[in-house]
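# The following comprises the amino acid sequence and a computationally predicted model.
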Amino acid sequence: MSTNILDLKGHIGLVTGAGQGVGRAVALHFAHYGAGGVVVNDFVLARAEAVAVEVERAGCAALAVQCDVTDFASVGAMFDRARERFGSVDILVSNAGNAGADPRAVSRKPFWEQEPKDWNAFLGTNLFGVLNCVRHAVPGMIQKNYGKLVTVISDAGRVGEPNLEIYSGAKAGAAGFMRAMAKALGRFSITANCVALGATRTPAIAAATSNEEFAKRMLRSYTIRRFGEPEDAANMILFLSSDASSWMTGQTVPVNGGYSFAM
């Protein structure tokens, strides 16, 4: 038996938005640190299937599932498939999120010039997607008297970003929801935490920072003058998914290169 304190001890993890970027890194970390199985979710099935192959090559069972996390019924069907395959979902990483396909292309209209239709994508994925997944994950965790809920938010949800008001609010809402869940679920040995990311080299950020001048301007706001890598985020998510963090709940942990500080 492994003596690594980050050993996941055969637990089953489900990672949303795992077809690329941070989610992919988390799925592979789970495979390398003793998970009994990983459910790889993505909006695009081909991406989920490709990562599932990587997870299996690492010696861990995997299930690829296409699912839009904004669709409550679809999320329920995903959890049904996960339980049919693995029996339980012990760790939920709500990683699926959006801030626009390209940070340079996000609408720069101030909030007071936007229409409600402009808000739906941000609220749907970043807030309601988290609610949908947690709602379907928690009953099984309560029954087992064990569970790990980890939600990936953005530093925008901690400090606010102009012209990203809805995105910032949705991420802050997800963090507030997780704090409330932490209080509700602690008696069932279920922890609930968030990881707040700075600019991390997901495909969208990689596209934006291909412009050297734009990248330099972004990095001026970072104490550590580099962009985050998916593995930087995955390391913290692994910790919060393991029993090494068993007395830690209701927290939002920044992994952000010093873009903002937490006390």
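Yep, that arrived.
# Tell me which stretches of the stretch 51-200 of the chain form strands.
Using DSSP state E, counting those that start in this stretch, the strands of the stretch 51-200 of the chain run over 62-66, 91-94, 147-154, 190-197.
# Next, work out how far apart the residue nearest to the spatial centre of the chain and residue 56 are.
For the chain, the residue sitting closest to the mean C-alpha position, by Cα atoms, centre = their mean, is residue 95 at 2.0 Å. Separation of residue 95 from residue 56 (Cβ to Cβ, to the nearest Å): 20 Å. The C-beta positions use only the backbone N, C-alpha and C, and glycine is treated the same way.
# Next, the contact list for residue 18, please.
Contacts for residue 18 (Cβ atoms under 8 Å, 6 or more residues apart in numbering) come out as 24, 26-27, 38, 40-42, 48, 51, 93, 95.
# Out of the residues you listed, which two sit at the greatest distance?
Within these, 48 and 93 form the most distant pair, 14.0 Å apart (Cβ to Cβ).
# what about those two, which has more around it?
Higher neighbour count among residue 48 and residue 93: residue 93, with 31 against 28, using other Cβ atoms under 10 Å.
# What mean pLDDT does the top helix by length along the chain get?
Looking across the chain with DSSP state H, the single longest helix is helix 165-185. The average pLDDT within helix 165-185 is 97.
# Dump the C-alpha coordinates for that helix into CSV.
Taking Å, rounded to 0.1, in the frame of the first residue of the first chain, the C-alpha atoms of helix 165-185 are listed here in CSV:
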residue,chain,number,x,y,z
GLU,A,165,-19.0,41.4,-13.9
ILE,A,166,-21.3,38.4,-14.5
TYR,A,167,-18.4,35.9,-14.7
SER,A,168,-17.0,37.4,-11.5
GLY,A,169,-20.4,37.2,-9.8
ALA,A,170,-21.0,33.6,-11.0
LYS,A,171,-17.6,32.4,-9.7
ALA,A,172,-18.1,34.3,-6.4
GLY,A,173,-21.6,32.7,-6.1
ALA,A,174,-20.1,29.2,-6.6
ALA,A,175,-17.6,29.9,-3.8
GLY,A,176,-20.4,31.1,-1.5
PHE,A,177,-22.4,28.0,-2.3
MET,A,178,-19.5,25.8,-1.5
ARG,A,179,-19.0,27.4,1.9
ALA,A,180,-22.6,26.8,2.7
MET,A,181,-22.3,23.2,1.5
ALA,A,182,-19.3,22.8,3.8
LYS,A,183,-21.3,23.7,6.8
ALA,A,184,-24.2,21.5,5.7
LEU,A,185,-22.1,18.4,4.9
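# Now find how far off-centre stretch 60-80 is within its chain.
Stretch 60-80 sits 15 Å away from the centroid of its parent chain (Cα atoms, centre = their mean, to the nearest Å).
# partners of residue 194 in the sheet?
residue 151, residue 252 (DSSP bridges).
# what about it, how many neighbours?
Residues near residue 194, counting by other Cβ under 10 Å: 29.
# That one against residue 175, yeah?
Yes - counting by Cβ atoms under 8 Å, residue 194 touches residue 175, with 4.9 Å between them.
# Point out where this structure drops to low pLDDT.
Filtered on pLDDT under 70, the chain yields the residue ranges 1-3, 100-108, 207-208.
# any idea where the helices of it begin and end?
In the chain, the segments counted as helices under DSSP H are 21-32, 45-57, 72-86, 120-123, 129-144, 156-159, 165-185, 203-208, 212-219, 230-241.
# Contacts only, for the closest residue to residue 261 other than its chain neighbours.
Distances taken as Cβ to Cβ, 6 or more residues apart in numbering put residue 254 closest to residue 261, at 7.5 Å, once the chain neighbours are dropped. Neighbouring residues of residue 254 by Cβ under 8 Å, 6+ apart: 155, 158, 195-198, 260-262.
# Residue 26 is in contact with the residue nearest to the centre of the chain, correct?
Yes - with contact defined as Cβ under 8 Å, residue 95 reaches residue 26; the gap is 6.5 Å.
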